[in-house]
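K.L.:
sharing a sequence plus its predicted fold:
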Amino acid sequence: MKNYVELLGSDMINYAGNTFLLWLIGFVPQIVIALLLANWFTDMRLKIRGKQFFKVTIYLPNLIMASAFAMLFFALFSTNGPMNSILTSMGLTSEPIDFLGTVFGTRSLVGLMNFLMWFGNTTIMLMAAIMGISPDVFEACELDGCTSVQRFFYITLPLIRPILAYTLITSIIGGLQMFDVPQILTNGQGNPDRTSMTLIMFLNSHLKSRNYGMAGALSVYLFIVSGILCFFVYRMTNDKDDKKAKSEKENKGGDAA
């Protein structure tokens, strides 16, 4: 119990805030871009050519190891890296930019990497969900004169809610387990000023110092937080379905009586 109390008095809350912010920076553009791409690729009216090529292209970053991806970005955005050379040669900057030396730069790079690695996987899942909707529903929507925006918000989104819930839950769990990208990008220090230190990096530091009690207590905290967040997400995304099923059951019971 002493370990649990000590953790609450440590920087764990700050690192939890870092973890949430880094997850949010990567997840928000990920789900928005994935929804747009999935909607476009499954819209038969657009008649997009080369869909298979685009599917493979957007999924490829998901096949690269996160550690390799982090090393690539570390080399690209270092002060002596290609990105600074390009900006300097084009006259956009007079001196190299220290991307990894600022809070905004480091967090943006971590969020960008998480976005690039996972938006392809999310897009493929959402495409499968949209393709599972009966074409008759979309045909009836067109006959009723629905616009593309109305079709997306009033038909597509409600019908793919279970997959959206699954995507959000797995993303939350993955965000809480965020480790390899910020670990390699900041050399395990969470720089600058430990603003990129995540909960798993904090746990790893306890393991390195052989403080297994604190590491175990932090693992329990992570499990509890994951369970609570997933429960709330599930209730928010399935509450209407549960109420609808309950009302239908009551109506059937009334008819039988």
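P.N.:
Good, I have the coordinates. Numbering: from 1, shown residues only.
K.L.:
any low-confidence regions in this protein?
P.N.:
For the chain, applying pLDDT under 70 flags the ranges 238-257.
K.L.:
could I get the full set of helices for it?
P.N.:
Assigned by DSSP state H, the chain shows helices spanning 2-8, 12-41, 51-59, 66-76, 82-89, 103-131, 135-143, 148-151, 157-159, 161-176, 180-185, 199-208, 212-256.
K.L.:
report all helices and strands that the second one contacts.
P.N.:
Which is helix 12-41. helix 51-59, helix 103-131, helix 161-176, helix 199-208, helix 212-256 (3 or more CB pairs under 8 Å, 6 or more residues apart in numbering; DSSP states H and E). C-beta here means a position set from N, CA and C on the backbone, and glycine is covered the same way.
K.L.:
of all the ones you listed, which one is nearest Pro192?
P.N.:
helix 103-131 (5.8 Å; CB to CB).
K.L.:
mind checking how far Ile169 is from Phe223?
P.N.:
Between Ile169 and Phe223 the distance, using CB to CB, to the nearest Å, works out to 14 Å.
K.L.:
those two: which is more packed in?
P.N.:
Neighbours were counted for Ile169 and for Phe223 using other CB atoms under 10 Å; Ile169 has more, 17 against 11.
K.L.:
isn't that one right up against Arg235?
P.N.:
No. With contacts counted by CB atoms under 8 Å, Ile169 stays clear of Arg235, the gap being 11.5 Å.
K.L.:
tell me the contacts of the nearest residue to Phe119 once chain neighbours are set aside?
P.N.:
In this structure, Phe119 finds its nearest non-sequential neighbour in Gln30, 4.5 Å apart by CB to CB, 6 or more residues apart in numbering. Contact partners of Gln30, counting by CB atoms under 8 Å, 6 or more residues apart in numbering, are 114-115, 118-119, 122, 171.
K.L.:
cool, thanks, signing off.
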